[in-house]
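Engineer: Could you look at this predicted model? Sequence included:
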Amino acid sequence: MTDALNVATTDVGEAPETSRSDWQSDQEVRWCPGCGDYSVLTAIQLLLPELGVRRENTVFISGIGCAARFPYYMDTYGVHTIHGRSPAFATGLAMARPDLDIWVIGGDGDMLSIGGNHLIHALRRNINLNILLINNQIYGLTKGQYSPTSETGKVTKSSPMGATPRPFNPVSVALGAEASFVARTHDMDRKHMQETFRRAYLHDGAAFVEVYQNCNVFNDGAFGAITKKDARDDMLIDLIHGEPIRFGTEGERGVARREGGVQIVDLADVGEDAILVHDELLTDPSTAFSLSRLAEGPHTPTPIGVFRACKRDEYGRAVADQIANVTASRGKGDLSALLRSLPTWEV
Amino acid sequence: MTDALNVATTDVGEAPETSRSDWQSDQEVRWCPGCGDYSVLTAIQLLLPELGVRRENTVFISGIGCAARFPYYMDTYGVHTIHGRSPAFATGLAMARPDLDIWVIGGDGDMLSIGGNHLIHALRRNINLNILLINNQIYGLTKGQYSPTSETGKVTKSSPMGATPRPFNPVSVALGAEASFVARTHDMDRKHMQETFRRAYLHDGAAFVEVYQNCNVFNDGAFGAITKKDARDDMLIDLIHGEPIRFGTEGERGVARREGGVQIVDLADVGEDAILVHDELLTDPSTAFSLSRLAEGPHTPTPIGVFRACKRDEYGRAVADQIANVTASRGKGDLSALLRSLPTWEV
Amino acid sequence: MTDTAAPPDAVSVDKVIIRFAGDSGDGMQLTGDRFTSASALFGNDLATLPEYPAEIRAPAGSLAGVSAFQVQVSDHDIMTPGDAPDVLVAMNPAALKSDLHMLVPGGTLIVNADAFDERNLVKAGYETNPLDGSDLDGYMLITAPMTSLTKEVCKDLGVKPRDAERSKNFFALGLVSWMYSRPTEPTMEWIDTKFAGRDLIIAANKAAYRAGHAFGETAEIGHQRVVVPAAPQQPGTYTNINGNTALAWGLVAAGELSGLPVFLGSYPITPATDILHELSKHKSFGVTTFQAEDEIAAVGSALGASYGGYLGVTTTSGPGVALKSETISLAVSLELPLVIVDIQRGGPSTGLPTKTEAADLLMAMYGRHGEAPLPVVAACTPADCFDVAIEAARIALTYHTPVILLSDGYLANGSEPWRLPEVDSLAPIPVEFATEFNHTNADGEPEYWPFLRDENLVRPLAPPGTPGLMHRIGGIEKQDGSGNVSYDTENHGHMVAVRAERISQIEVPDVEVIGHPEADVLVVGWGSTWGAITGGVRRVVNAGHKVAQVHLTHLNPFPKNLGEVLARHKTVLVPEMNLGQLAKMIRAEYLVDAQAIGKVTGQPFTAGEIEQVTLGALDD
Amino acid sequence: MTDTAAPPDAVSVDKVIIRFAGDSGDGMQLTGDRFTSASALFGNDLATLPEYPAEIRAPAGSLAGVSAFQVQVSDHDIMTPGDAPDVLVAMNPAALKSDLHMLVPGGTLIVNADAFDERNLVKAGYETNPLDGSDLDGYMLITAPMTSLTKEVCKDLGVKPRDAERSKNFFALGLVSWMYSRPTEPTMEWIDTKFAGRDLIIAANKAAYRAGHAFGETAEIGHQRVVVPAAPQQPGTYTNINGNTALAWGLVAAGELSGLPVFLGSYPITPATDILHELSKHKSFGVTTFQAEDEIAAVGSALGASYGGYLGVTTTSGPGVALKSETISLAVSLELPLVIVDIQRGGPSTGLPTKTEAADLLMAMYGRHGEAPLPVVAACTPADCFDVAIEAARIALTYHTPVILLSDGYLANGSEPWRLPEVDSLAPIPVEFATEFNHTNADGEPEYWPFLRDENLVRPLAPPGTPGLMHRIGGIEKQDGSGNVSYDTENHGHMVAVRAERISQIEVPDVEVIGHPEADVLVVGWGSTWGAITGGVRRVVNAGHKVAQVHLTHLNPFPKNLGEVLARHKTVLVPEMNLGQLAKMIRAEYLVDAQAIGKVTGQPFTAGEIEQVTLGALDD
Ligand SMILES: Cc1ncc(C[n+]2csc(CCOP(=O)(O)OP(=O)(O)O)c2C)c(N)n1
Ligand SMILES: Cc1ncc(C[n+]2csc(CCOP(=O)(O)OP(=O)(O)O)c2C)c(N)n1
Ligand code: SF4
Ligand code: SF4
Ligand SMILES: [Mg+2]
Ligand SMILES: [Mg+2]
């Protein structure tokens, strides 16, 4: 009866080849001209054909916000839920349907303000979701209020004298919440996005990716200091597993350990051997955490790439395993027996 | 008009001396006999007279849970709000009334499950609250379900085959959320609790204290391995600012840095100089974070004490300053002028 | 000691109401439960009312710590745990103090004399020992030194006095079982199973039970031995079940009947938590349970699972429903199946978590922003929770809508004998997911329209994984048919109307009128008041009055014949455990002067109360 | 160019309805706003309806991107932005396509001919250019090459063509201002202030305006110049205000009148966000604004501030109220003052965030678990938001209760001339906190009882910091009087009753009946339908029919005389922007056959619609 879901799901076997246009829905894309969300969309639509996945097994779940319009533009399954709740909805879906590839996408307000709790619990549980937090450090859809990632002092309509609280560092939050995969990328580098999203897809469990995205209407240039083409060499520190963490046009700078953290150094000063070799696989998230503290905001050299990718039990599978194990050992449930499982008597 | 709240608040001047009994309300304390909450209550009731604070300026705010019954037992102001929302309620109160000492108290379910988002935002904003998270790794009040801090595999009524998700480490969560003060203590050592709570009280901004508390009915002995009298020397690593981090009956073990974190070492192996000197004041929370990762759960040597205590702008004051500054520069608001601030015409 | 069910010297009565009261540590729930089970096995009809102390363990011996279990045992079909107990067992002064006022005048009062020491008397607020004075003169008082006698019989077994003391509730059970001629064997067997492996405890409990039984036989307690004959019952297999277990089983059954796996997203809350506990045990039925971080995640995950093709369910109490309302509104907009179970408790706010109330009806109906109608059903007895759970799932899966199922603390924890249904007799719930295109676009190409409705205005469902039917849905208004986002104002008006109509058209069975065919007074009920109303109305009808009753399982939409039924009666009374919520709905819908009879004291109605108000209405 | 308000060749009309429609990038809101302000300064009465495209910027030129602003300008007291526009300004094909159907037959249609190019036509879904065919024959068509003429006049100023193009809305404004004889000076001054420091833009906008004006003068557009004389108005100082600004100012005023600082806890949501924006500016009044992490924290923080002695306020829309309901229930239980503002929008779920609707009334009434009654008030015009905000605060602070204030998207963004009140004429809101013991305990010692009620059943408030009055409160049921936790069932029943009674006893002014004294048909309204109902009823009454109207500002409790008023009329109609929520409440309360007239298309009622239904009811 209930052992298999009677949904007409896909036969096994190779997925048919697809091209970018197969992943584009018939809905007109409605972001402001110049919005960074376009390039995120393109990166995804270019990546999915490469992954060789099936459209019908791919689902995009979002909350509310500009970024959260994403599902409408993908010719896959998709649900545009409500503000902040996409990780909760996606958790239920992922537990029910381990056969699906589920992408969760939303803004900094959606996932770190109203949805912060669902996000950290999804990460802790290690639910099999690819979570893209599109961080533009602003509320776009509601026309420009400060968000939990806006810099201290940000002047917006709701903070005419400057917003006073300290922002979250989404990578630190995720690491503090036991995330097994944490990465960062940005909307000005499609290749980097694609590779980071690919890694998220390949990760078993909850993969968290912060995407720096330019909202050119309400927070233009928030990441310009580090993502502008000519700034990147000096301002983006690309984390590559197994390699010394170096940056600068000539690779003349790097990251080295120091007492109680990591720091940026000139190779000329410290020598090549002092440079930290990046290891995503460390079980102890301390180094990844230190790396997340290198930049206070996107205006000094900032690490991008995969901070952490370590193996841990995926929650949905663990739950499904319990079901499978009980069923294997006790046999499939028998309703009639269940009704008779308390003391009974005959009349 | 609205410059000063017309509440009959206390005159300035020395607070009258109080004794423990002054802080005890007339309500019968109703925890299970043997519950660790009793000793937390005692620690607070012994501490407050020492702090020389006024009862009428002291407020206890809680959510729902066993621990959250706390306010009823204190002869101060107190509100027993609803499940998970105490940090939100307290945030409004703290912003409105910077003259008050506000204690927020609740369980691991209250503050990390349903209330997780309010907690991390209160920490990020650095609201002037003393937050005591009474962690018994279980839902006490609802009679024993696993909580977000229960160990993986925990068998409870709602997880008859063992709970599969990984628990939060509350100290790591707080550090990931930009907390400026983070500490841990436990219910078996009243002195240590008192000193830790004192430090929380003295901290300007949000002070987060995790209190290991034994629920002897639904999770008895969860912390026994480290808090039992004869285990403490070997299992509790007391963090003391400015001192090398050592423990063991003879202080024969300690904490030293290692690549990508910290580790427990024998002094005999590494020598005294290798031992990490604890520094709560570091602006970079990386070391504090590493320390929080030393123990995976309360069954191996576990750090207690103040992990981090660093200065940062308190949110309520920053907001109040904006109000004061505008009022100073523009003068007190004039309602009649406000109504005439858009174009007007006469008829 | 004999095990004759009906000893020759016993008098026969048609029913008896017994209330066991003691400290939370005294095991009163277990005692009551055993007495109930033995009576059930004996063939009586019965109804129970367990009453726990407020959530935190109160200090031993205090009034706040009193725990009680009331059971009515009868030789006929009964409806409630009874109005006032005929027998009160008080294990300590606090129990006596708090519950004595309930006992019928002249009722039997059994007390554990050992517990009436100075300390306990003070804790209960007695200045003098009530056993000494004349205060209890109006009752048949039986004092038994239960603690010391239990210790005594346990001494030889090698049980330590402190442990022995714990068995004193079995003394009480033995005594009451003797008085009411309950069979001994089932309890002995139960002790063996329950405490298997702990031989000393088994021995102590059995010894205590026998001592109590013997005390009845030998002490001159001046109480006539009584028997309540078995009730005539429909032949079948019976079990004694409480509402939350029945509800959980109903959900399991709904999964089996629909062929869909069940997903429960829940967050613990009294008095709903036991459903989560129970369903967590039934993984072999493919039931997935998820203890979420809060109620919003609980309902969100259930809705996500529903979208994935499961039967999504979420269980909670009033505060949880309040938190879930935004997501329920999303479910209304998405037109996805979802069962939301609300085990009501005393409110507002945290209120009285361990007391019963039924004041969430209007929230269930209207507690969402915008026009967001959904079906509402309510259970009326513990066993009925099984049927209503299936009914809620049936509506959700047939009409693709969230459904709110209302139960309450009284049903959740109360129990009754339940004649088990034959599994084959339960109607299947056919569910068919879309697998094919259902529309042709302007270019003549086939496509899938997620909001193309059938004749019942129901949209198709294509869970992800279905090849070819990829589509997007969301909480923004959708074009009817295509399901695309639509800001078109006319379409919105149409969709609001369609959403209302599709719920109002749901087929629900007509109400049945029970009682006098030409009644002047009609008593309308819903939920757990059923038992009290049926009992009360039966008394009034039996006394020859023109009174009738209807009970509503379906609160939205109302049964089609309800308006016509209401119109037939001069006076309409609506007893509810709230201030008149159903009455409001009936008045608004039918312009009938339905009179609200509210009771919000955290206690269910008694049949006697219903009898009184009904008689009162007849006088008018 | 003259600035004579009433040129000698102008014909005088009593009112005109003009609709400016164009792409979101075309500045239609600004244009409409300017036209409105100039008309206000001229002394007309007016009412506006801004209509924004759905939240995300739609592609330029698309139907989804159309933004419109409708204004009615009149020489007499008017109620609505008008039924159908007399003049439609269409800046591009999409605007024409989407709004043409609204224009009155024979109405004036002004189009920017330059925008009717191939690309724009396709985007709007036109196959041929409508300006070419005969489709527009039924209208007075004025085509002006607005873009090119604007570029032309800007060339000499050194403005780049791309920048110049942005000024074309001022061309349209100039043209319409000429046609309707609006004064020029105020607009010139406004341009100077608005664009201060950006001289080129100032020059371009002024030049475009003058070019439009000149186009009217010189081109033979065949349109008679018209003047709408000033409306007779009460003498005083006027400003043109929208609902959200008025509401924010009302909250500031309530703070001043009560002497309490205002604390706003809010989370952004359309269409309520502007209140947060506006209040953030008024720190010099001691207003604290807090942008919380979500709606639950928003209301929680506001309640915390109220507990601390502030006037706690939270502002949101429907989805936010749903999320806040558990905390509002706590506020009911704590009996603390709190103002909850709900700017309603189209629902359910995300619904139509930028469209208006008024379907949250029953949620406001019943959207909480348990019996949790609270007062509900609603604003009826943009300026009325000021008064109702004060009224909500007054009730909250007088009766120590949360109050829900309902406004909607139409009021929030619509504007009207407002005669400014004298600040001294506003009634103060006296607030007194407890400073002394109010009770003597059994030992004769004085103490403070937080739930010792006065004759209005109102409890005292002692914010923390008050020496000696330390006490504890919570969401668990409390003993009336002492406020201690109480699980006592009788006390709970009493508290439920008291909470209901204290709300139902709140004093609210009687309703006033407007219209025919012996009316057969009574039209009952609430909220923003006021304008349309008043306009519609006035027309019907003026036509000699027996019709009257009442408007409800207070929805809970109802005014005391409402039942009696309802009883006086044969037919009761309740037009609402929902499916009949107030009608339900009235039917339930008074057993009157109130007929719901629902409109849920995201558009407000027009006076014409009300006229029609009222006439229809008279026919019956
Ligand atoms: C419950 C609820 N609260 C508030 C809103 C209003 N709202 C919609 S999106 C949004 C925030 C948008 O910011 P972000 O998540 O950063 O997304 P972005 O638009 O910047 O991509 C808000 C506050 C809502 N739709 N629902
Ligand atoms: C909205 C809501 N959901 C659920 C509950 C039920 N509830 C009360 S306390 C609690 C958890 C208690 O655990 P914890 O916070 O760890 O406190 P403890 O009892 O262990 O001290 C729950 C689930 C509630 N009161 N309100
Ligand atoms: S408002 Fe900002 S984030 Fe939103 S679509 Fe426009 S540019 Fe993008
Ligand atoms: S249940 Fe546990 S936490 Fe709660 S009072 Fe009892 S021992 Fe303490
Ligand atoms: Mg954003
Ligand atoms: Mg706990």
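Structural biologist: Cool, got the structure. Residues are numbered from 1 along each chain as shown, chains lettered A, B, ... in the order given. Ligands and ions are numbered 1, 2, ... in the order given.
Engineer: where does the chain have low pLDDT?
Structural biologist: Let's take chain A. Scanning chain A for pLDDT under 70 picks out A:1-12.
Engineer: Switch to chain C, please.
Structural biologist: C:1-8, C:54-57, C:220, C:222, C:620.
Engineer: How about exporting stretch C:177-184 as PDB, limited to the C-alpha atoms?
Structural biologist: Taking C-alpha atoms only, stretch C:177-184 is exported to PDB below (Å, rounded to 0.1, in the frame of the first residue of the first chain):
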ATOM      1  CA  SER C 177     -12.300  -3.800  42.800                       C
ATOM      2  CA  TRP C 178     -13.700  -5.800  45.700                       C
ATOM      3  CA  MET C 179     -16.500  -3.300  46.300                       C
ATOM      4  CA  TYR C 180     -17.500  -3.300  42.600                       C
ATOM      5  CA  SER C 181     -16.900  -6.900  41.900                       C
ATOM      6  CA  ARG C 182     -14.300  -6.400  39.300                       C
ATOM      7  CA  PRO C 183     -12.500  -9.500  38.000                       C
ATOM      8  CA  THR C 184      -9.000  -9.900  39.600                       C
END
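Engineer: which other residues reach whatever helix or strand residue C:120 lives in?
Structural biologist: Taking DSSP states H and E as the definition, residue C:120 sits inside helix C:118-124. Contact with helix C:118-124 is made by C:59, C:61-63, C:92-94, C:96-97, C:127-129, as judged by C-beta atoms under 8 Å, 6 or more residues apart in numbering or on different chains. C-beta here means a position set from N, CA and C on the backbone, and glycine is covered the same way.
Engineer: Tell me which two of those sit farthest apart.
Structural biologist: For these, the maximum inter-member distance is 21.7 Å, found between C:59 and C:128 (C-beta to C-beta).
Engineer: Between these two, which is the more surrounded one?
Structural biologist: residue C:59 (17 against 9; other C-beta atoms under 10 Å in any protein chain shown).
Engineer: Could you verify my assumption that that one touches residue C:66?
Structural biologist: No: between residue C:59 and residue C:66 there is no contact, the gap being 11.6 Å when judged by C-beta atoms under 8 Å.
Engineer: Within range of chain A, give me the residues from the stretch 351-500 of chain C.
Structural biologist: Applying C-beta under 8 Å from any C-beta of the partner chain, we find that the stretch 351-500 of chain C lies next to chain A at C:419-423, C:431, C:433, C:435, C:463-476, C:484-485.
Engineer: mind listing what residue 281 touches?
Structural biologist: In the absence of a named chain, chain A is used. Taking C-beta under 8 Å, 6+ apart, one finds A:241, A:309-310 in contact with residue A:281.
Engineer: switch to chain C, that's the one I care about
Structural biologist: Counting by C-beta under 8 Å, 6+ apart, residue C:281 has contacts residue B:160.
Engineer: nearest to ligand 4, of the contacts of residue A:281?
Structural biologist: Nearest to ligand 4 among these: residue A:310, at 34.0 Å, using C-beta to the nearest ligand atom.
Engineer: quick one, what contacts the closest one?
Structural biologist: Contacts of residue A:310 (C-beta under 8 Å, 6+ apart): A:180-181, A:280-283.
Engineer: list the contacts for residue A:55?
Structural biologist: The contact partners of residue A:55, taken as C-beta under 8 Å, 6+ apart, are A:18, A:22-23, A:48, A:75-76, C:470.
Engineer: near ligand 2 too, which of those residues?
Structural biologist: Counting by C-beta under 6 Å from any ligand atom, nothing from those sits close to ligand 2.
Engineer: Stretch A:331-338 vs chain C: in contact?
Structural biologist: Yes: using C-beta under 8 Å from any C-beta, stretch A:331-338 reaches chain C at A:331-333, A:335-336, A:338.
Engineer: and the closest residue to ligand 5 within chain A, bridged to which residues?
Structural biologist: Nearest residue of chain A to ligand 5, counting by C-beta to the ion: residue A:107, 3.5 Å away. Note on residue A:107: beta-bridge partners by DSSP bridges are residue A:134.
Engineer: Tell me which residue of the stretch 151-300 of chain A lies closest to chain C.
Structural biologist: As assessed by C-beta to the nearest C-beta, chain C sits closest to residue A:177 within the stretch 151-300 of chain A, at 11.5 Å.
Engineer: from memory that residue sits against residue A:123, does it?
Structural biologist: Yes: with contact taken as C-beta under 8 Å, residue A:177 and residue A:123 are classed as touching, separated by 4.6 Å.
Engineer: Could you pull out the helices in chain A for me?
Structural biologist: For chain A, the helices defined by DSSP state H cover A:37-51, A:86-96, A:108, A:116-125, A:170-176, A:190-202, A:224-227, A:229-235, A:267-270, A:286-292, A:315-330, A:335-339.
Engineer: contacts for the fifth one?
Structural biologist: Counting by C-beta under 8 Å, 6+ apart, the neighbours of helix A:170-176 from elsewhere in the structure are A:108, A:112, A:116, A:120, A:123, A:133, A:135, A:149, A:182, A:184, A:208, A:210, A:285, A:288-289, A:292-293, A:307-308, B:120, B:172-178, B:289.
Engineer: If we check ligand 1, which of these are in contact?
Structural biologist: With C-beta under 6 Å from any ligand atom as the criterion, those include residue A:108 near ligand 1.
Engineer: just to revisit the earlier point, buried subset of the contacts of residue A:310, written for ChimeraX?
Structural biologist: Selection of the buried residues among these in ChimeraX, burial being defined by 16 or more other C-beta atoms under 10 Å in any protein chain shown:
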select /A:180,181,280,282
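Engineer: Which ones among the contacts of residue A:310 lie within strands?
Structural biologist: Using DSSP state E, the members of these that fall within strands are residue A:181.
Engineer: out of the contacts of residue A:310, who's nearest residue C:251?
Structural biologist: residue A:180 (32.9 Å).
Engineer: Hmm, that closest one is touching residue A:126, no?
Structural biologist: Yes: with contact defined as C-beta under 8 Å, residue A:180 counts as touching residue A:126 (5.4 Å).
Engineer: Quick check: neighbours shared by those two?
Structural biologist: When contacts are counted by C-beta under 8 Å, 6+ apart, residue A:180 and residue A:126 have A:205-206, A:312 as shared neighbours.
Engineer: Most neighbours out of the residues you listed, which is it?
Structural biologist: Neighbour counts for the shared contacts of residue A:180 and residue A:126 (other C-beta under 10 Å) peak at residue A:206, which has 33 neighbours.
Engineer: Enumerate every residue touching that residue.
Structural biologist: Applying C-beta under 8 Å, 6+ apart to residue A:206 gives the contacts A:122-123, A:125-129, A:131, A:179-181.
Engineer: ok, and of the residues you listed, which contact ligand 3?
Structural biologist: When C-beta under 6 Å from any ligand atom is applied, no member of these is adjacent to ligand 3.
Engineer: Give me the distance between residue A:257 and residue A:184.
Structural biologist: Counting by C-beta to C-beta, to the nearest Å, the separation of residue A:257 from residue A:184 is 20 Å.
Engineer: These two - which one has more neighbours?
Structural biologist: Using other C-beta under 10 Å, the more surrounded residue of residue A:257 and residue A:184 is residue A:184, with 27 against 17.
Engineer: which residues touch the more buried one?
Structural biologist: Residue A:184 touches A:170-171, A:196, A:209-212, A:302-305, A:307, counting by C-beta under 8 Å, 6+ apart.
Engineer: Does it have any beta-bridge partners, and if so which?
Structural biologist: Applying DSSP bridges to residue A:184 gives these bridge partners: residue A:210, residue A:305.
Engineer: Quick check: the gap between it and residue A:37.
Structural biologist: For residue A:184, the distance to residue A:37 - C-beta to C-beta - is 17 Å.
Engineer: can you check residue A:90 too?
Structural biologist: 19 Å.
Engineer: Among those two, which residue is more densely surrounded?
Structural biologist: Relative neighbour count places residue A:90 above the other of residue A:90 and residue A:37, with 33 against 29, counting by other C-beta under 10 Å.
Engineer: Now that one: closest residue in space that isn't a chain neighbour?
Structural biologist: residue A:61 (4.3 Å; C-beta to C-beta, 6 or more residues apart in numbering or on different chains).
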